[in-house]
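A.B. asks: return a 3D structure for these sequence lines:
(one chain, ligands or ions: 1)
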Amino acid sequence: MPLFDVYPIQDITIVKAKGSRVWDQQGQEYLDLYGGHAVISIGHSHPHWVERIKTQLDKIAFYSNSIRIPLQQELATKLGTLAGKPNYQLFLCNSGAEANENALKLASFYTGRKKIIAFTKAFHGRTSLAVAVTDNKNIIAPVNETENVIFLPFNDVAALTECFQKQGKEIAAVITEGIQGVGGIQVADDSFLQAIRLLCTQYGAIYIADSVQCGYGRSGKFFSHDYAGVQADIYSMAKGMGNGFPVAGILITPQIPAKHFQLGTTFGGNHLACAAALAVLEVMEAENLMDNALNMGSWLMEQLNQFPQLKNVRGRGLMLGFDVPDTLPDLKKSLLTRQHIFTGEAKPNVIRLLPSLTLTQADAAQFISSLQQEIQSSPN
Ligand SMILES: Cc1ncc(COP(=O)(O)O)c(C=O)c1O
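C.D. replies: Have a look, this model is predicted:
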């Protein structure tokens with residue numbers, strides 16, 4: 001039976017991984033600045049993470065949410081402390097799309113309203129509501145088309161204010177990434193996030209901070225939205241939360257009460273997922289990974305700005321991007337094939353860096369020197 005061919009892929013088979021390094025079948029080592037799409041937060045196969053999962057596996061891997069699972073409360077407490085939101089409530093699920101889907105549903109249940117504001121170039125996932133608020137017509141199936149979503153230009157306070165003035169009483173939620181990932185590393189202005197907070201409060205709508213890619217310490221703060229100094233009502237989380245183990249969730253403001261059966265999941269919050277997620281938080285804390293993300297990110301940003309060929313270096317912490325000029329069309333490819341460095345991309349010409357938060361100075365320096373070699377050896 002063939003696999004359903006949904007992705008163009010690199011002809012590379014990775015068989016081993018450790019920290020920020022991966023190895024292919026031939027034993028070739030690569031520096032991983034892509035982190036399997038921002039998923040690897042504490043480094044590949046971190047020993048504490050491996051041990052915690054193995055130990056849990058020997059006890060119990062799964063039981064349904066019909067019984068007490070104390071690991072869920074342990075995770076909620078640790079997450080609340082590290083995220084600086086100890087009074088929020090945690091709902092656990094399995095993927096980023098599912099987290100956003102539940103966030104949007106909850107906002108609609110709570111407000112009794114239907115309309116959602118989303119922004120140009122946003123990516124929120126592929127399930128029905130999550131894809132409806134994603135700004136990419138190619139991935140919205142006819143059945144997911146809805147008139148309930150209003151797309152506005154990103155970072156445009158005037159357009160947002162005008163929309164609320166016209167339809168504020170119908171708006172259930174505003175959803176935005178703190179740093180757009182798929183959209184090419186576009187940072188939300190602090191003033192934009194502050195305006196979302198203000199207008200949502202004024203009109204009784206829910207502010208949903210999609211932190212699936214930009215959250216979990218990657219920006220140097222737990223949530224990149226925190227840079228604006230205002231609280232969202234719901235934060236969605238996934239990628240870095242399990243360091244590769246599928247686990248996701250939403251943090252919900254204490255103002256929104258839970259109702260039995262409104263939200264639910266079979267796999268969400270299972271024993272093994274909680275063990276993986278706890279291991280991630282324990283390592284983040286023990287190794288000061290948010291500080292490392294901030295320091296390594298600032299160093300990389302400074303270095304990248306030294307290349308006149310690279311335009312609009314941007315981002316926060318270890319979520320960085322830059323525009324590659326037409327004269328270097330194969331830069332990403334040559335970094336992979338000649339320098340053995342994985343990077344990410346965003347259409348049409350952006351290189352995205354989404355490494356593990358454990359990235360070392362030596363790793364970062366290796367990347368800069370390899371980048372220099374590739375830029376210098378380019379025929380253009
Ligand atoms: C900002 C954002 N939200 C949601 C998602 C969807 O997450 P998942 O692929 O886990 O469903 C992604 C995935 O790339 C994302 O970047």
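A.B. asks: how about the residues of the stretch 201-350 of the chain near the ligand?
C.D. replies: Neighbours of the ligand within the stretch 201-350 of the chain, by C-beta under 6 Å from any ligand atom: 210, 212-213, 238. (Each C-beta comes from the backbone N, C-alpha and C, glycine too.)
A.B. asks: ranking by neighbours, what's the top pick from those?
C.D. replies: Of all these, the highest neighbour tally under other C-beta atoms under 10 Å goes to Asp210, namely 31 neighbours.
A.B. asks: enumerate every residue touching it.
C.D. replies: Residues counted as contacts of Asp210 (C-beta atoms under 8 Å, 6 or more residues apart in numbering) are 96, 100, 103, 122, 124, 175-178, 236.
A.B. asks: buried residues in stretch 137-150?
C.D. replies: Neighbour-count burial for stretch 137-150 flags 140, 144, 149-150 (criterion: 16 or more other C-beta atoms under 10 Å).
A.B. asks: looking at those, which are in strands?
C.D. replies: 149-150 (DSSP state E).
A.B. asks: and the buried residues of stretch 137-150, which two are furthest apart?
C.D. replies: Asn144 and Ile150 (15.6 Å; C-beta to C-beta).
A.B. asks: before we move on, the earlier item: which member of the contacts of Asp210 is positioned nearest Gly264?
C.D. replies: Ala103 (14.6 Å).
A.B. asks: average pLDDT across the helix or strand hosting the closest one?
C.D. replies: Assigned by DSSP states H and E, Ala103 falls within helix 96-111. Regarding helix 96-111, the rounded mean pLDDT is 98.
A.B. asks: which strands and helices lie in contact with that helix?
C.D. replies: In terms of contacts (3 or more C-beta pairs under 8 Å, 6 or more residues apart in numbering; DSSP states H and E), helix 96-111 is packed against strand 89-93, strand 115-119, helix 128-132, strand 171-177, strand 206-210, strand 234-237, strand 248-252.
A.B. asks: any chance of the ones you listed in a markdown table with distance to Gln376 as columns?
C.D. replies: Shown next, in a markdown table, are the helices and strands packed on helix 96-111 (distance: least, C-beta to C-beta, whole Å):
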| stretch | distance to Gln376 |
| --- | --- |
| strand 89-93 | 47 |
| strand 115-119 | 38 |
| helix 128-132 | 42 |
| strand 171-177 | 35 |
| strand 206-210 | 39 |
| strand 234-237 | 40 |
| strand 248-252 | 42 |
